[in-house]
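> Below is the sequence, then the predicted model.
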Amino acid sequence: MATSDEKRRFRREILSRLGEVRLMTTAGLFVLSIRAELISIDEADQAKAEIES
């Protein structure tokens, strides 16, 4: 599993090595973590704010 918001070379490399089912965006990782009850929505919002700053 790999997480990336990159659109170019890194994304192409991951897709060629691991396939599309193993690549997700940061937002996708947060959603998956919330659904698995690993983090709360508030915790995801806080992490997102930290990443964006």
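Yep, it's here.
> Quote the end-to-end distance of stretch 17-30.
23 Å (C-alpha to C-alpha, to the nearest Å).
> whoops, I mixed them up, stretch 4-22
So stretch 4-22: terminal residues 11 Å apart, C-alpha to C-alpha.
> Give me the buried stretch members for it, please.
I14 (16 or more other C-beta atoms under 10 Å). C-beta here means a position set from N, CA and C on the backbone, and glycine is covered the same way.
> Name the residues that touch that stretch?
With contact meaning C-beta atoms under 8 Å, 6 or more residues apart in numbering, stretch 4-22 is reached by 1-2, 23, 25-26.
> Secondary structure class of L15, three-state.
helix (DSSP: H, G, I helix; E, B strand; the rest coil).
> how much space is there between it and I39?
Note on L15: its distance to I39, by C-beta to C-beta, to the nearest Å, is 27 Å.
> Of all the residues in whichever strand or helix holds A27, which ones are buried?
Counting by DSSP states H and E, the element that carries A27 is helix 26-35. By neighbour count on 16+ other C-beta under 10 Å, the buried set for helix 26-35 is 29-30.
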